[in-house]
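Participant: got a sequence here, can you model it:
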Amino acid sequence: MLLSSFFNERQSQFEVHRDRIKANADRSQARLKQTVESYELLWHMHGGDVKAVRRYEKKIGSKYSISITGPNTTVTPAMLFTLRDYDSADGKVKDFMRLMRDLSAAPLLRYLDVGYFLGGFVYSSDRQMLALSPPFNKQSLSRVERFGVAEYVNFKIDIVEKALNKNSPELIRKQRMVWVPPYISPITGELIGHYAAPIYCRGEKIAVVVATVPLNKFKLLFQDSIEQKGFFVLSSNLEHVLGREMGAADDKLVASALKYKTSFDKSGRRPVITRKGSIFIYSQLIPGPDWVAVYVFDWHEVIFSLKKPLAGGAAMVFLILVALWGFIVFFDRRVLAPLKVYSRLIHESDEFNRAVLSTAPVALTVFDPLNNVVVLQNRQAKKLLESFAEGHGIYQRIVCEKKSWIILSMPFIGLLVQERFDHLR
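Facilitator: This next block holds a predicted model:
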């Protein structure tokens, strides 16, 4: 009963933390999906001139130029990577600039409730343009130059397109959302992930909007900064632990659970509990990003959690035993002790009767006429009985013929018994 209650409580805690992450992930997806769908529905109404952007001089030989949008172009600054030979008068370029302007005003990349700005980027389907928000600082921009501007742009686009191409175009149009497995950024060196939604106009994909999730902020963005011992999240490829800090007290416990990560839930329908040695593991898939929520604990935690109820139960058992012992002592003194006295008196009376029979100089017999049984007899009576052919049946005949003699003899026998009882008292 206690164990069942404990495991039910742990499963409830696991589901609370898992559902919190799922709700935050769903909310993030919904922001992107609503923004993209709203832009598509109002496509014919988008218009207005877009202002020029401030352009940086880049090294000779770079295919892309880099510029920063100003307040007249976007609400929040963005870094724009464009091919050098693009035609600024091209309608696609103007459409992309309007898309940047409209997206910058949407609450897509801002988490006001947690005070954090979630970055992202937008790229055109023809790979001519990529807008990154927030812009790189000078140090990060230098790393981009060393990595290669064109290589960086293609790297960012390829990693999203790879995730999009895993699903059919029809499924992408229906779900409108795809999550990109986490990877180490070649520029910042941090573990990041993405969720992306393509934009379609007139049946054609014109751009893809991508939100960037720095997974070192996972606890802030998806767990509401709430920490639970033994709870963690695995990335979709089961290679990265999310929402944990290095040097946590339960690192050994988590490391033990990771040895069995291939047995974690892959359906997401209900929590799966697995026992491996001395540890217990709850796991459940989080649909969408395909993260796996995991909660691990061992027998020590089970015993520690049951310590108070077990102590209370032990105290209750002790009180019951004390009460039972007190009842036994009372019963022994009030009931059993008098019974022992009466039993001893009866035993001594029986011994006295036997002694009288064995020492009497004449033949004496105690006979039960109802059952035709000899209860007691001395040696003289036994020898006398052997002289009769009918055996102890002679007693039955005597009883029938001499009832008056037996009645007269009873007072004498009663007197002997009464004297014996008076003697015992």
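Participant: can you show me the strands along the stretch 101-250 of the chain?
Facilitator: 110-111, 116-117, 120-124, 129-133, 178-184, 191-201, 204-214, 231-234, 241-242 (DSSP state E, counting those that start in this stretch).
Participant: and the fourth one, how far out from the chain's middle?
Facilitator: Mean-position distance between strand 129-133 and its chain equals 42 Å (Cα atoms, centre = their mean, to the nearest Å).
Participant: helix/strand/coil for residue 85?
Facilitator: coil (DSSP: H, G, I helix; E, B strand; the rest coil).
Participant: what's the neighbour count on it?
Facilitator: Using other Cβ atoms under 10 Å, residue 85 has 8 other residues around it. The C-beta positions use only the backbone N, C-alpha and C, and glycine is treated the same way.
Participant: do you know how far it is from residue 141?
Facilitator: 22 Å (Cβ to Cβ, to the nearest Å).
Participant: quick revisit: of all the strands of the stretch 101-250 of the chain, which one is nearest residue 358?
Facilitator: With respect to residue 358, and counting by Cβ to Cβ, the nearest of the strands of the stretch 101-250 of the chain is strand 231-234 at 88.1 Å.
Participant: may I have that closest one exported as CSV, CA atoms only?
Facilitator: C-alpha atoms of strand 231-234 as CSV (Å, rounded to 0.1, in the frame of the first residue of the first chain):
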residue,chain,number,x,y,z
PHE,A,231,14.4,14.9,-13.5
PHE,A,232,16.0,15.7,-16.8
VAL,A,233,15.2,15.9,-20.6
LEU,A,234,17.0,14.1,-23.4
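Participant: now do that strand: everything it contacts.
Facilitator: With contacts defined as Cβ atoms under 8 Å, 6 or more residues apart in numbering, strand 231-234 is touched by 14, 17, 21, 218, 222, 240-244, 254, 261, 264, 286, 291-295.
Participant: same thing with stretch 179-187?
Facilitator: 136, 140, 143-144, 147, 152, 155, 159-160, 163, 190-196, 210, 215, 235-237, 239-240, 242, 288-290.
Participant: at 6 Å what do you get?
Facilitator: 140, 143-144, 147, 160, 163, 191-195, 215, 235-237, 240, 289 (Cβ atoms under 6 Å, 6 or more residues apart in numbering).
Participant: same check on stretch 205-216?
Facilitator: Outside stretch 205-216, the residues that touch it by Cβ under 6 Å, 6+ apart are 32, 36, 99, 119-125, 160, 182, 190-199, 242.
Participant: ok, stretch 271-285 next?
Facilitator: For stretch 271-285, contacts defined as Cβ under 6 Å, 6+ apart pick out 11, 14, 18, 256-257, 260, 263-266, 268, 292-299.
Participant: which of those residues fall in helices?
Facilitator: Assigned to helices by DSSP state H, the following of the contacts of stretch 271-285 qualify: 11, 14, 18, 256-257, 299.
Participant: out of those, who's the most crowded?
Facilitator: residue 257 (27 neighbours).
Participant: wait, it touches residue 297, no?
Facilitator: No: Residue 257 is not in contact with residue 297 according to Cβ atoms under 6 Å; the separation is 9.5 Å.
Participant: low-scoring stretches of the chain, by residue?
Facilitator: Residue ranges of the chain with pLDDT under 70: 1-2, 42-62, 86-92, 105-117, 246-249, 306, 388-397, 399-425.
Participant: domain ranges for it?
Facilitator: 1-25+227-305, 42-214, 317-424 (automatic domain parsing).
Participant: mind putting these in CSV, distance to residue 311 included?
Facilitator: Listed next are the domains of the chain as CSV, based on distance: least, Cβ to Cβ, whole Å:
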stretch, distance to residue 311
domain 1-25+227-305, 12
domain 42-214, 41
domain 317-424, 10
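Participant: buried set for stretch 14-33?
Facilitator: Within stretch 14-33, the residues that count as buried by 16 or more other Cβ atoms under 10 Å are 14-15, 17-18, 21-22, 24-25, 28-29, 31-33.
Participant: for those, which one is nearest residue 327?
Facilitator: residue 14 (46.5 Å).
Participant: what segments of the stretch 1-150 of the chain are helices?
Facilitator: 2-41, 91-105, 138-147, 149-165 (DSSP state H, counting those that start in this stretch).
Participant: start and end of stretch 271-279, how far apart?
Facilitator: 16 Å (Cα to Cα, to the nearest Å).
Participant: chain center to it: distance?
Facilitator: With Cα atoms, centre = their mean, you get 10 Å for stretch 271-279.
Participant: cool, and stretch 376-389?
Facilitator: That offset, for stretch 376-389, works out to 87 Å (Cα atoms, centre = their mean).
Participant: ok so, going back, closest one of the ones in helices among the contacts of stretch 271-285 to residue 340?
Facilitator: Nearest to residue 340 out of the ones in helices among the contacts of stretch 271-285 is residue 299 (Cβ to Cβ; 51.2 Å).
Participant: quick one: contacts for the closest one?
Facilitator: By Cβ under 6 Å, 6+ apart, the neighbours of residue 299 are residue 278.
Participant: tell me which of the buried residues of stretch 14-33 is nearest to residue 362?
Facilitator: For those, the nearest to residue 362 is residue 14 (94.5 Å; Cβ to Cβ).
Participant: so what's residue 133 closest to, chain neighbours aside?
Facilitator: residue 78 (4.2 Å; Cβ to Cβ, 6 or more residues apart in numbering).
Participant: so what's that neighbour up against?
Facilitator: 69, 131, 133.
Participant: got these as JSON lines, with neighbour count and distance to residue 329 columns?
Facilitator: Shown next, in JSON lines, are these (neighbours: other Cβ atoms under 10 Å; distance: Cβ to Cβ, whole Å):
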{"residue": "69", "neighbour count": "25", "distance to residue 329": "93"}
{"residue": "131", "neighbour count": "27", "distance to residue 329": "90"}
{"residue": "133", "neighbour count": "24", "distance to residue 329": "84"}
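Participant: export the residues you listed to CSV and append columns for distance to residue 321.
Facilitator: Output for the contacts of residue 78, formatted as CSV (distance: Cβ to Cβ, whole Å):
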residue, distance to residue 321
69, 81
131, 78
133, 72
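Participant: residue 63 and residue 32: what is the separation?
Facilitator: For residue 63, the distance to residue 32 - Cβ to Cβ - is 29 Å.
Participant: how about residue 202?
Facilitator: Distance of residue 202 to residue 32, given as Cβ to Cβ: 21 Å.
Participant: also residue 145?
Facilitator: Taken as Cβ to Cβ, the span from residue 145 to residue 32 is 30 Å.
Participant: sorry, back to before: could I get the helices of the stretch 1-150 of the chain as JSON lines with distance to residue 173?
Facilitator: Below are the helices of the stretch 1-150 of the chain laid out as JSON lines (distance: least, Cβ to Cβ, whole Å):
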{"stretch": "helix 2-41", "distance to residue 173": "11"}
{"stretch": "helix 91-105", "distance to residue 173": "18"}
{"stretch": "helix 138-147", "distance to residue 173": "33"}
{"stretch": "helix 149-165", "distance to residue 173": "11"}
